[in-house]
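>>> Based on what follows, work out the 3D shape:
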Amino acid sequence: MTQTGSSPDSKGKTGGILNALGLHRPELRAWAMYDFGISAMQTTITTAVFPIFFVKVAAANLDGTGGAQWWANANTIGAVMIAILAPILGAIADFRAAKKKFLVGFLLLGVSATAAMFFISQGQVLYASIIYILSLAGATGSMTFYEALLPHIASEDEMDRVSTAGYAFGYIGGGILLALNLAWISNPGMFGLPSGDNLSPSDATLPARLAFVSVGVWWLIFAIPVLRKVAEPKRLIEPDEATAAANASVGKSVVTAFQRLGETIRELRGYKQAFLAMLAFTIYNDGIQTIIKMASVYGTEIGIGQSDLITAILLVQFIGIPFAFAFGWLGGKLGTKRSIFLGLFVYTFICVFAYNMTTTREFYILAGLVGLVQGGTQALSRSLFARMIPKHKSGEFFGFYSVFEKFGGILGPLLFGIAIASFGSSRVAILSVIVFFIVGGAILTLVNVPEGEQAARDADARTLSV
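Next comes the predicted model:
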């Protein structure tokens, strides 16, 4: 029998589609699969199920908006923790060629902490906060080293497509698991779980707690391809440093990491365009992360039901799939910077819309708008930065990128906590998020992309010629 699926024409068409999507090599597909797995952490834990569980169960004994304030504080502490550690660990990873080892370490921390959420019971707000912070640190830390692999597996003209493909895969993976979680949370009896009235607190929360365990398992399973298919990048450092790195103790590596970190801080002046792009991203990403992290809490505050909140967030995932790929295409046609500007304009409108939002229908519209731009804006920001940094210091530079990204996630939740304490409502904070998009966009206008790309190429050429 003839297998038409393996014909040259079929292979050509498949290859053309994969190339257009940025997935034409095994290591690129494996890299994108990590986003497929870890995005369940973003959807179920950070955005949809756990924030509601945190406020209604873990913080059940607190009065008024106490739960929302604890949630905002937990996000702030987690962001500060990883912001301090990321550049140091990035420097160590570059020096010892250990990006994947650090990825595995943070992966295991995040997976373990996420699974431990199963044991949260009513009123355990401190335990829930600590476990969430560890889970968040594991996720953000592993993403630092995952993203640092990007310039090693993709060429400059591939980065927009590969980065947006990663986000699109993330939408698919996070969306599929969130849909399953929503199914058994909404209809537990169909899955053999306790249902009906007069359930004990433990039985009533079992579907949600099983959802947290499922995230840890999902994340771990889909981390396997990147660990197997993507090689540890070689050291692109001077020969004497390579010998020292191979023989260095952990203590020596830490000392050297601090030295290299100081060098990188000084060298940032030589990568002005990468620094400006990172600074712009820090500011406008504060707005993006605030919307992601506080959406469910804000929706709960204005009276949106739990099922509607989770369904709306699920809508973001599936709308985001084609539009993440679309932004990769748009970056090649319109230009990366202009495509990011388009996303920031839509986000500005989202803030105004959210400020006036009062109904469930409007919350669904808001979710649809977020789905149009969320993944594409962040993916193009990542690929823009990756094109303007030297490969031999990708760990350190993405460590700094993570620092700036996490500091870009501190002010927004902190602002929410202050607004809630001051006004008893988060509407004022929602509207103020517009400032992040305006200021970040203004700084982005100053970035000269060709100049930044050339500076990175020159740095790598100098290193290889030594």
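
>>> worst-scoring helix or strand of this structure, pLDDT-wise?
Of all regular secondary-structure elements in the chain, judged by mean pLDDT, DSSP states H and E, the least confident is helix 239-247 with a mean of 46.

>>> so where is the stretch 201-350 of the chain shaky, pLDDT-wise?
Low-confidence segments of the stretch 201-350 of the chain (pLDDT under 70): 235-265, 267-269.

>>> Any buried residues in the strand or helix carrying Ala312, and which?
Element membership for Ala312, per DSSP states H and E: helix 306-334. Within helix 306-334, the residues that qualify as buried by neighbour count (16 or more other Cβ atoms under 10 Å) are 306, 308-317, 319-321, 323-331. Just so you know, the C-beta spots here come from the backbone N, C-alpha and C atoms, and that holds for glycine as well.

>>> Now the element after it, going C-ward?
On the C-terminal side of helix 306-334, the closest following helix or strand by DSSP H and E is helix 336-356.

>>> Could you list every helix and strand in contact with the following helix or strand past that next one?
Note on helix 336-356: by DSSP H and E, the next helix or strand toward the C-terminus is helix 360-386. In terms of contact count using 3 or more Cβ pairs under 8 Å, 6 or more residues apart in numbering; DSSP states H and E, helix 360-386 is assigned the packing partners helix 150-153, helix 159-186, helix 272-301, helix 306-334, helix 336-356, helix 394-407.

>>> got the angle for the fifth one vs helix 272-301?
It stands for helix 336-356. Taking axes from the mean of the first three to the mean of the last three Cα atoms, to 10 degrees, one finds that helix 336-356 is oriented at 20 degrees with respect to helix 272-301.

>>> Quick one: list the elements packing against helix 336-356.
Counting by 3+ Cβ pairs under 8 Å, 6+ apart, the packing neighbours recorded for helix 336-356 are helix 272-301, helix 306-334, helix 360-386, helix 427-432, helix 434-444.

>>> separation between the closest residue in space to Ala148 that isn't next to it in sequence and Lys99?
Taking Cβ to Cβ, 6 or more residues apart in numbering as the measure, Ala148 lies nearest to Phe398, with 4.0 Å between them; neighbours along the chain are not counted. Taking Cβ to Cβ, to the nearest Å as the measure, Phe398 and Lys99 are separated by 9 Å.

>>> Please apply the same query to Ile92.
According to Cβ to Cβ, Ile92 and Lys99 sit 10 Å apart.

>>> do Ala154 as well
Distance, Ala154 to Lys99, by Cβ to Cβ: 15 Å.

>>> Also Phe191?
Counting by Cβ to Cβ, the gap between Phe191 and Lys99 amounts to 39 Å.

>>> Looking at the two, which has the bigger crowd around it?
Each of Phe191 and Lys99 had its neighbours counted (other Cβ atoms under 10 Å), and the higher figure belongs to Lys99 (26 against 13).

>>> Quick check, that one in contact with Ala231.
No. At 10.3 Å, Lys99 does not count as touching Ala231 under the criterion of Cβ atoms under 8 Å.
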